[in-house]
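[1] this one's sequence-less:
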DNA sequence: ATAAGCTTCCAAAACGTTTTGGAGGCCGGT
DNA sequence: ACCGGCCTCCAAAACGTTTTGGAAGCTTAT
């Protein structure tokens, strides 16, 4: 592990000069700068990360805390999101550190540990909640952070989010255009901002079409995975005036719902439309293909990475936030393709 | 950020004593130890990570480099694996740092950077290849590492792996028992150890049943995702003596294969068996349910974490390795359930 | 009473970097 | 000659921790 000192010795220079040469300070002669550069490359020199952050007080480390209930974290697009973030950060010589903690006390303790021991200089928050203690804490501590998804706070904060509200509104309108009236929504838990937004979009379209009563009746909430999708759909289908469309908050719920529809002996597409959100791989390989919408995770990841870097550089959060349009992907499950 | 010095000052002790008290050295009086302990808890003291690793020369950081081609990393069980690893490591106060790098030059450069800048003290390798330069490099550098999956090397090394060979042998025998003879295998690329092992298991069962010729003919290789599963299955089904069973290396391939079978107008289960590996959520919600096998990712993750910690503690790799039995999950796609 | 041995504590060095506050040499202007 | 200013360079301090090598005080054995 070739150190600055070793380099300096070999070159007959001081540590200071070597350090400044590598850091492009103006007060080192171009000739020596080159000499140092060359020697550094030759010796495969890498500054010792810990030493640098000890001295500078801050480092190049972004933390991502997965809100994971163990045995419960099959987010399919998640790996790709992480890969994109990791790649972008690595390109700028930043590290991504990854923790898992269940929301609640454990989660906050984890954030505190990371901040107070100086391990993390910035955070990316996933699964943002409407009232999110993480946001409050980091805000108060002055630690830069970025949200994947929105939250409810007075403070300006930086986020990237898909336009779930618009996406679900457009989708629901499309279904109404196809003749559907009794359109149910299978929502994720309402403390999650994305769930509330998607539900709001669906409700708007229903209201505009004068279908408030159906909307009132045909709303169900559960965990955003197959199991609850199946359960909630089965319950709705067994009701008095069963829906003709199931607008699900996520693809995983939708896949569960499709199973329930099939079990009820109904044809997905012609009889009952089922739709999701995320465009996970399984959605296009379901039969019929699952109508869904997507925000490419690689793009979101790249964006999150760029934003957190800007935030660490002191950029104003207001200049950074973005609500991105969703791409609608009609397939057979809504009898559109 | 309350420092050791601040604590010492407040207690009227030296930094040394405070440090040693917190570290359970025998040469500090029980009474002072308690006093220090109490004050540390009170002040919410956390040792500064960078300072500690600078001094000790090594820290508590495990790196995981995702072998990701961007836009191509939808590993469904991956998030859960990471969550399990992250949680276990966090419980032992270790950090998990996550990078993404495409296999090849970039990947090796990433490993080198991490090692030489002292950012990572140990590695977890995923998608282990039969001849794996990462293993060679880390071995040579004396950096502790653990493989998820096996590799071909003379050196003893530590790994966790499912018994893919046994699993696919048993599965294939079961299919033979059900009357199948023309059993095809859709393999992942052979440079990946797991692909070779699963293929070997299938081939063994075929050979034992005297079906070498079919095995010869009914082998296809592609990327372990839906697309190639679909493509390879379609090609096999269009051949002269089409298979009656498609044993796929992964669930994602199997889902693609199921699509191809359906397009060919054949009934999955009765006409043609399709099987996978991983037990991803979509497998149980496919129609019919996909016969598969699994190694619970949470368990593997916990095991990997425990092993890398043991390895960092100097334990011999030979004592650590484990080949774990797979749990077979018969479902409708093989007409067993 | 002294030496030896514990027990309990501490000063100082070290890890490798960045940054502060000059120092020395050289030039041009007076 | 001298001064001010520029160009290069550098010694030393600092970040917060762990560890080395004692030191002081007390107890016990001689």
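    The structure has been received and is ready for your questions. Bear in mind the structure is a predicted one, so any value in this text is a computation, not a measurement.
[2] Distance of residue A:294 relative to residue B:57?
    Distance, residue A:294 to residue B:57, by C-beta to C-beta, to the nearest Å: 47 Å. To be clear about C-beta, it is placed using only N, CA and C from the backbone, and glycine gets the same treatment.
[3] More neighbours: these two, which one.
    More crowded of residue A:294 and residue B:57, by other C-beta atoms under 10 Å in any protein chain shown: residue A:294, with 20 against 11.
[4] Regarding that one, what are the backbone dihedral angles?
    Torsion angles at residue A:294 (phi, psi; degrees, to the nearest 10) stand at phi -150, psi 160.
[5] Residue A:79 now?
    Torsion angles at residue A:79 (phi, psi; degrees, to the nearest 10) stand at phi -60, psi -40.
[6] Leaving aside the residues adjacent along the chain, what's closest to residue A:167?
    residue A:326 (3.8 Å; C-beta to C-beta, 6 or more residues apart in numbering or on different chains).
[7] what's the one you found in contact with, if anything?
    With contact taken as C-beta atoms under 8 Å, 6 or more residues apart in numbering or on different chains, residue A:326 is in contact with A:162-164, A:166-167, A:277, A:293-295.
[8] again, but for residue A:86
    Neighbours of residue A:86 in contact, by C-beta under 8 Å, 6+ apart: A:96, B:66, B:68, B:98-100.
[9] What ranges does chain A have for its helices?
    Taking DSSP state H as the criterion, chain A contains helices spanning A:4-11, A:15-22, A:30-43, A:49-56, A:78-91, A:105-116, A:133-141, A:164-177, A:193-208, A:212-217, A:226-237, A:251-263, A:281-284, A:297-312.
[10] quick one: average pLDDT of the third one?
    Model confidence over helix A:30-43 averages 96 on the pLDDT scale.
[11] Any chance you could list what contacts that helix?
    With contacts defined as C-beta under 8 Å, 6+ apart, helix A:30-43 is touched by A:2, A:6-7, A:10-11, A:13, A:17-18, A:21-22, A:24, A:28, A:45.
[12] what about it, near DNA strand C?
    No - applying C-beta under 7 Å from any atom of the strand, one finds helix A:30-43 separated from DNA strand C by no less than 9.8 Å.
[13] one step back: what's the farthest-apart pair in the contacts of residue A:86?
    Spatially, the most separated pair among the contacts of residue A:86 is A:96 and B:68, at 12.6 Å (C-beta to C-beta).
[14] distance of residue A:157 from residue A:133?
    As judged by C-beta to C-beta, residue A:157 and residue A:133 stand 14 Å apart.
[15] Also residue A:123?
    Residue A:123 is 13 Å from residue A:133, by C-beta to C-beta.
[16] ditto for residue A:195
    18 Å.
[17] Residue A:51 too?
    Taking C-beta to C-beta, one finds residue A:51 at 34 Å from residue A:133.
[18] still on that earlier bit, now, which of the contacts of residue A:326 sits nearest residue A:90?
    Among these, residue A:295 lies closest to residue A:90 (C-beta to C-beta), at 22.6 Å.
[19] Identify the residues contacting the closest one.
    The neighbourhood of residue A:295, defined by C-beta under 8 Å, 6+ apart, consists of A:162, A:324, A:326-327.
[20] what about whichever residue of the stretch 101-250 of chain A sits closest to DNA strand C, how many neighbours?
    Going by C-beta to the nearest atom of the strand, DNA strand C is nearest to residue A:118 of the stretch 101-250 of chain A, at 13.1 Å. For residue A:118, the neighbour count with other C-beta under 10 Å is 20.
[21] That one and residue A:58: what is the separation?
    8 Å.
[22] And residue A:204, by the same measure?
    Separation of residue A:204 from residue A:58 (C-beta to C-beta): 44 Å.
[23] Near DNA strand C, which residues of chain A are found?
    Residues of chain A lying close to DNA strand C by C-beta under 7 Å from any atom of the strand are A:1, A:3-5, A:15-16, A:19-20, A:22-23, A:27, A:45-48, A:51-52, A:54-56.
[24] Any quick ChimeraX command for the buried ones out of these?
    A single ChimeraX command selects the buried members of the residues of chain A next to DNA strand C (16 or more other C-beta atoms under 10 Å in any protein chain shown):
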select /A:3,4,19,20,22,45,46,47,48,51,54
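[25] which of the residues of chain A next to DNA strand C come close to DNA strand D?
    Answer for those near DNA strand D (C-beta under 7 Å from any atom of the strand): A:15-16, A:20, A:27, A:51, A:54-55.
[26] In terms of distance to chain B, which of these ranks first?
    Nearest to chain B among these: residue A:54, at 4.3 Å, using C-beta to the nearest C-beta.
[27] isn't the closest one right up against residue B:52?
    No - at 9.3 Å, residue A:54 and residue B:52 do not qualify as touching, with contact defined as C-beta atoms under 8 Å.
[28] Nearest residue to the most centrally placed residue in chain A in space, please, no chain neighbours.
    The centroid of chain A falls nearest to residue A:148 when counting by C-alpha atoms, centre = their mean (4.1 Å). Spatial nearest neighbour of residue A:148, excluding adjacent residues (C-beta to C-beta, 6+ apart): residue A:126 at 4.9 Å.
[29] The one you found: neighbour count?
    18.
[30] And residue A:23, how close does it get to chain B?
    The gap separating residue A:23 from chain B is 16 Å, by C-beta to the nearest C-beta, to the nearest Å.
[31] nope, residue A:39 is what I meant
    Residue A:39 sits at a distance of 16 Å from chain B (criterion: C-beta to the nearest C-beta).
[32] Let me see the domain layout of chain A.
    Following automatic domain parsing, one finds the domains of chain A at A:4-47, A:61-162+A:298-327, A:165-294+A:328-334.
[33] lowest-confidence stretch among those?
    Across the domains of chain A, the lowest-scoring stretch is domain A:61-162+A:298-327, with a mean of 91.
[34] now do the same end-to-end measure for it.
    Chord length of domain A:61-162+A:298-327, first to last residue, is 32 Å (C-alpha to C-alpha, to the nearest Å).
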